[in-house]
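In: Sequence first, predicted model second:
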Amino acid sequence: GAVVSQHPSRVICKSGTSVKIECRSLDFQATTMFWYRQFPKKSLMLMATSNEGSKATYEQGVEKDKFLINHASLTLSTLTVTSAHPEDSSFYICSATRGRGEKLFFGSGTQLSVL
Amino acid sequence: AQTVTQSQPEMSVQEAETVTLSCTYDTSESDYYLFWYKQPPSRQMILVIRQEAYKQQNATENRFSVNFQKAAKSFSLKISDSQLGDAAMYFCAYRFSYSGAGSYQLTFGKGTKLSVIP
């Protein structure tokens, strides 16, 4: 089955630093990738949608300059949390679609803790 | 905008028994997909079952089945012969059938935490 690899699984950083999270589709070309954020015991909230070679589309209320998304190839999308602050601490999950998007595959998530 | 509502924040079931998780949604579309995802403590999202709105027949996957009532916009999940490994958060989700590239995002409900009692 299709696999989406997300790395790192856990990261702890100091306030003010930037953190990059990678999302790779290992055995298929992902036409579209999504980034979600999940607070403890809460649902997944869509942050942005990215298509290879074009700018990401951000959901309302998500700061584009804070959460930089790069979808440089059909197998890799990155989320960079710039100048991280404690309120950015959360669980971030990526997902990817193949073909017309009938199926959505999720990464294993990244727990970000900002001290 | 589409909304997905799960009215049961927590549920519990005795091992080997059956439990039903509720989900309602709101949409003006006629063609769409509905999903149930399981999120165990590992937090990996696992697809449990998928239903296409144009199909009248309810989807089934082994011990998991749905009751899809399109007119009522209801999509409940039934877990039969519950096992300890079924304990997890369960999310109901909605997606357009097709809206062009980049529009396959899921709208999730708030989730139901299922506990399985040995």
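Out: All right, it came through fine.
In: mind showing which ranges of the chain have poor pLDDT?
Out: I went with chain A, as the question did not name one. Within chain A, the stretches with pLDDT under 70 are A:1-2, A:99-102.
In: Switch to chain B, please.
Out: For chain B, the stretches with pLDDT under 70 are B:98-103.
In: Could you pick out the residues of it near chain A for me?
Out: Residues of chain B found near chain A (Cβ under 8 Å from any Cβ of the partner chain) are B:42-45, B:47, B:91, B:95, B:98, B:101-111, B:113. C-betas here are computed from N, CA, C, even on glycine.
In: Going through those, which ones are buried?
Out: With burial judged by 16 or more other Cβ atoms under 10 Å in any protein chain shown, the buried subset of the residues of chain B next to chain A is B:43-45, B:91, B:95, B:102, B:104-111.
In: measure A:Ala56 to A:Ser5 for me?
Out: A:Ala56 is 20 Å from A:Ser5, where distance means Cβ to Cβ, to the nearest Å.
In: between these two, who's got more neighbours?
Out: Neighbour totals were compared for A:Ala56 and A:Ser5, and A:Ala56 leads with 22 against 14 (other Cβ atoms under 10 Å in any protein chain shown).
In: Next, that one: phi, psi?
Out: Dihedral angles of A:Ala56 (phi, psi; degrees, to the nearest 10) stand at phi -70, psi 150.
In: likewise B:Thr24?
Out: Torsion angles, degrees, to the nearest 10, at B:Thr24: phi -130, psi 160.
In: How many neighbouring residues does it have?
Out: Using other Cβ under 10 Å, B:Thr24 is surrounded by 17 other residues.
In: can you check B:Trp36 too?
Out: The number of residues packed near B:Trp36 is 26, by other Cβ under 10 Å.
In: quick one: the nearest residue to it once chain neighbours are set aside from B:Pro40, how far?
Out: Leaving out its chain neighbours, the residue that sits closest to B:Trp36 by Cβ to Cβ, 6 or more residues apart in numbering or on different chains is B:Val48, at 4.3 Å. Distance of B:Val48 to B:Pro40, given as Cβ to Cβ: 11 Å.
In: wait, what's in contact with the single nearest residue of chain B relative to chain A?
Out: Among the residues of chain B, B:Tyr104 lies nearest to chain A; the distance is 3.5 Å by Cβ to the nearest Cβ. Neighbouring residues of B:Tyr104 by Cβ atoms under 8 Å, 6 or more residues apart in numbering or on different chains: A:Thr32, A:Phe34, A:Thr97, A:Gly101, A:Leu104, B:Arg95, B:Phe96.
In: can you redo the residues you listed as TSV with secondary structure and distance to B:Ser7?
Out: As requested, the contacts of B:Tyr104 are arranged in TSV below (DSSP: H, G, I helix; E, B strand; the rest coil; distance: Cβ to Cβ, whole Å):
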residue	secondary structure	distance to B:Ser7
A:Thr32	strand	31
A:Phe34	strand	26
A:Thr97	strand	29
A:Gly101	coil	29
A:Leu104	strand	24
B:Arg95	strand	21
B:Phe96	strand	24
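In: of all those, which two lie farthest apart?
Out: The span of the contacts of B:Tyr104, defined through Cβ to Cβ, is set by A:Phe34 and B:Phe96 at 13.5 Å.
In: Who has more neighbours out of those two?
Out: Legend: neighbour count by other Cβ under 10 Å for A:Phe34 and B:Phe96, higher for A:Phe34 (26 against 18).
In: partners of the more buried one in the sheet?
Out: Here A:Phe34 sits in beta bridges with A:Thr49, A:Ser95, as judged by DSSP bridges.
In: That one contacts A:Asn51, correct?
Out: No. Counting by Cβ atoms under 8 Å, A:Phe34 does not reach A:Asn51; the two are 10.4 Å apart.
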